[in-house]
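Visitor: When you get a sec, could you give me coordinates for this:
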Amino acid sequence: MHVDTTPGDYGSPRDEQELAAAAEIMVQSYAMAPAAATTWTQRVGASSLRLMREGGHVAGTLVFIPMGQWYGGRNVPIVGIGGVGVSPVHRGRGTATRMMQNVLREARATGAPLSTLYPATQPLYRRVGYEHSGARYEVRLQVPMLDVSERTLSLRPIEAKDEAAIAANYQRSAQARQGWLARGPYVWSRVYAPRDGTASGYLVEGASGVEGHLFVVRKSLAGWKQELSLSDVVANTPAAARHILSFLGDHRSLVTEAVWYGGADDPLLMHVREQTYTVKLDMHWMVRVLDVAKALEARGWPSGLSGALHLEVEDDLFPENRGRFVLEVSDGAARVRKGGEGSLRLDVRGLSPLYTGYQSAETLRMAGLLDADDATVRAAVSLFSGPQPTIRDMF
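Guide: Numbers count the residues shown, from 1 in each chain. Next comes the predicted model:
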């Protein structure tokens, strides 16, 4: 992996003219309507936008999103990257690569050990060290086929005072899921106010407090029919899951399907009597390890499992990540020190899917992203084993 590491003229927008240039890049990159692109830049805000300037002109833009991801039950700080676009007249000149190198330097400087994004194109991100590290799945549930009927809990519209309770209810579920986001304001804004319509929120409560919630966007289809798009749906108890499914089933006279995102391990689906739903890949997401030692120490590890792994890492962008590291895991935590035998050799790009548990060491060796003997591979498979990483949210 060879990259040009020239820093360039990179930073936040300086004035309204540069904000307008960022909006125009969104129009040219994502076929957004001009008014929608202007609204988007205003919603994101100058503090989150980053620009790449070349020859005195705005050549590229992206969104810088600090938040976290849950790995092994621990919240690992990340910088999410979204809205990457390059002006048509600056394409083919390495602008996107230079812009990504700059944002990775900034992200590492914040102390975040990881960066995560959804790729519109993969070669660009692989050039700077990202790799497939998880997936987002679309769930489609046939509402007329729902036969769940349980209302032992209460369900009411969400009010402004419920914001903290909703965040806690989501976290309770997310921290047990590999890869789910520890949401920040940017992602929460897309739950409450999604781009594709107005969300109505509902809270499910029991004697001990909030047990579930959902946000519903109603979409019109042909022939008076509707589709329910759920920008968030969380059930932390069986009763809450059954109540939410009962609520969705109450829409069967007009609604064809309820649609949400996550993975096949959604506990809601365990309460559906027949396989009247589909789960299909929506998009892969990619991770870039910014700090090898910090990333390995930040995540959680299986309790009761202990072992050591000797890594040798290559990284063209960050010299601090190059060399040999010893990973020692014990009692659900890890310690990393420099040195060791370097018996598991990989580029920083190959480390990402191993880290998240998306691909096993054996699979990565077969793909040519990892080099190690059989005993070392077996040790790595044991240490990094766990549920498949998914993300519910798009950013």
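
Visitor: For residue 171, give me its contacts.
Guide: Contacts were defined as C-beta atoms under 8 Å, 6 or more residues apart in numbering; by that measure residue 171 touches residue 182. Heads up, the C-betas are built off the backbone N, CA and C, glycines and all.

Visitor: If we use 7 Å, what do you get?
Guide: Taking C-beta atoms under 7 Å, 6 or more residues apart in numbering as the contact definition, residue 171 lies against nothing.

Visitor: Where do the strands of the stretch 51-200 of the chain begin and end?
Guide: Across the stretch 51-200 of the chain, reading from the start of the chain, the strands by DSSP state E, counting those that start in this stretch fall at 57-71, 74-86, 114-117, 131-142, 154-157, 181-182, 200-206.

Visitor: taking the ones you listed together, which one is wrapped up most tightly?
Guide: Mean neighbour counts were compared across the strands of the stretch 51-200 of the chain using mean count of other C-beta atoms under 10 Å; the top stretch is strand 114-117, at a mean of 26.

Visitor: So which other helices or strands are in contact with that one?
Guide: Under the contact definition 3 or more C-beta pairs under 7 Å, 6 or more residues apart in numbering; DSSP states H and E, strand 114-117 sits against strand 74-86, strand 277-289.

Visitor: sorry, back to before: looking at the strands of the stretch 51-200 of the chain, which is closest to residue 247?
Guide: Each of those has some distance to residue 247 by C-beta to C-beta; the shortest is strand 154-157, at 6.0 Å.

Visitor: That closest one: how far from the chain's middle?
Guide: Distance, stretch centre to chain centre, for strand 154-157: 29 Å (C-alpha atoms, centre = their mean, to the nearest Å).

Visitor: same question, stretch 64-74
Guide: Relative to where its chain is centred, stretch 64-74 has its mean C-alpha point 8 Å off (C-alpha atoms, centre = their mean).

Visitor: could the helices and strands packed on strand 114-117 go into CSV alongside mean pLDDT and distance to residue 174?
Guide: Below are those laid out as CSV (pLDDT from 0 to 100; distance: least, C-beta to C-beta, whole Å):
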stretch, mean pLDDT, distance to residue 174
strand 74-86, 98, 9
strand 277-289, 97, 15
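
Visitor: Throw the strands of the stretch 51-200 of the chain into JSON lines and include distance to residue 213, thanks.
Guide: Conversion of the strands of the stretch 51-200 of the chain to JSON lines gives the following (distance: least, C-beta to C-beta, whole Å):
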{"stretch": "strand 57-71", "distance to residue 213": "18"}
{"stretch": "strand 74-86", "distance to residue 213": "20"}
{"stretch": "strand 114-117", "distance to residue 213": "24"}
{"stretch": "strand 131-142", "distance to residue 213": "17"}
{"stretch": "strand 154-157", "distance to residue 213": "9"}
{"stretch": "strand 181-182", "distance to residue 213": "16"}
{"stretch": "strand 200-206", "distance to residue 213": "5"}
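
Visitor: Quick check: which of these is nearest to residue 366?
Guide: strand 131-142 (14.6 Å).

Visitor: what distance separates the closest one from the centre of its chain?
Guide: A distance of 11 Å separates the centroid of the chain from that of strand 131-142, by C-alpha atoms, centre = their mean.

Visitor: now the angle from that strand to strand 277-289?
Guide: Between the axes of strand 131-142 and strand 277-289, defined by axes from the mean of the first three to the mean of the last three C-alpha atoms, to 10 degrees, the angle is 160 degrees.

Visitor: re the thing from before, output the helices and strands packed on strand 114-117 as a markdown table; include the columns distance to residue 245.
Guide: As requested, these are arranged in a markdown table below (distance: least, C-beta to C-beta, whole Å):
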| stretch | distance to residue 245 |
| --- | --- |
| strand 74-86 | 29 |
| strand 277-289 | 11 |
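
Visitor: Can you list the neighbours in contact with the helix or strand hosting residue 259?
Guide: Of the helices and strands defined by DSSP states H and E, residue 259 is found in strand 255-262. Applying C-beta under 7 Å, 6+ apart, the contact partners of strand 255-262 are 136-143, 221, 225-230, 233, 248, 282, 390, 392.

Visitor: Out of the strands of the stretch 51-200 of the chain, the one nearest residue 33 is which?
Guide: Residue 33 sits nearest to strand 74-86 of all the strands of the stretch 51-200 of the chain, at 15.0 Å, using C-beta to C-beta.

Visitor: Quick one: work out the angle between the closest one and strand 57-71.
Guide: Orientation check (the same axes, to 10 degrees): strand 74-86 against strand 57-71 gives 160 degrees.

Visitor: Alpha carbons of strand 74-86, as PDB, please.
Guide: Output in PDB follows, covering the C-alpha atoms of strand 74-86 (Å, rounded to 0.1, in the frame of the first residue of the first chain):
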ATOM      1  CA  ARG A  74     -16.900  -1.600  25.500                       C
ATOM      2  CA  ASN A  75     -17.400   1.700  23.800                       C
ATOM      3  CA  VAL A  76     -14.400   2.300  21.500                       C
ATOM      4  CA  PRO A  77     -14.100   6.000  20.400                       C
ATOM      5  CA  ILE A  78     -14.200   6.400  16.600                       C
ATOM      6  CA  VAL A  79     -14.300   9.100  14.000                       C
ATOM      7  CA  GLY A  80     -17.000   8.400  11.400                       C
ATOM      8  CA  ILE A  81     -16.500   9.800   7.900                       C
ATOM      9  CA  GLY A  82     -19.400  10.700   5.700                       C
ATOM     10  CA  GLY A  83     -20.400  12.800   2.700                       C
ATOM     11  CA  VAL A  84     -17.100  12.300   0.900                       C
ATOM     12  CA  GLY A  85     -17.100  14.200  -2.400                       C
ATOM     13  CA  VAL A  86     -14.700  15.700  -4.900                       C
END
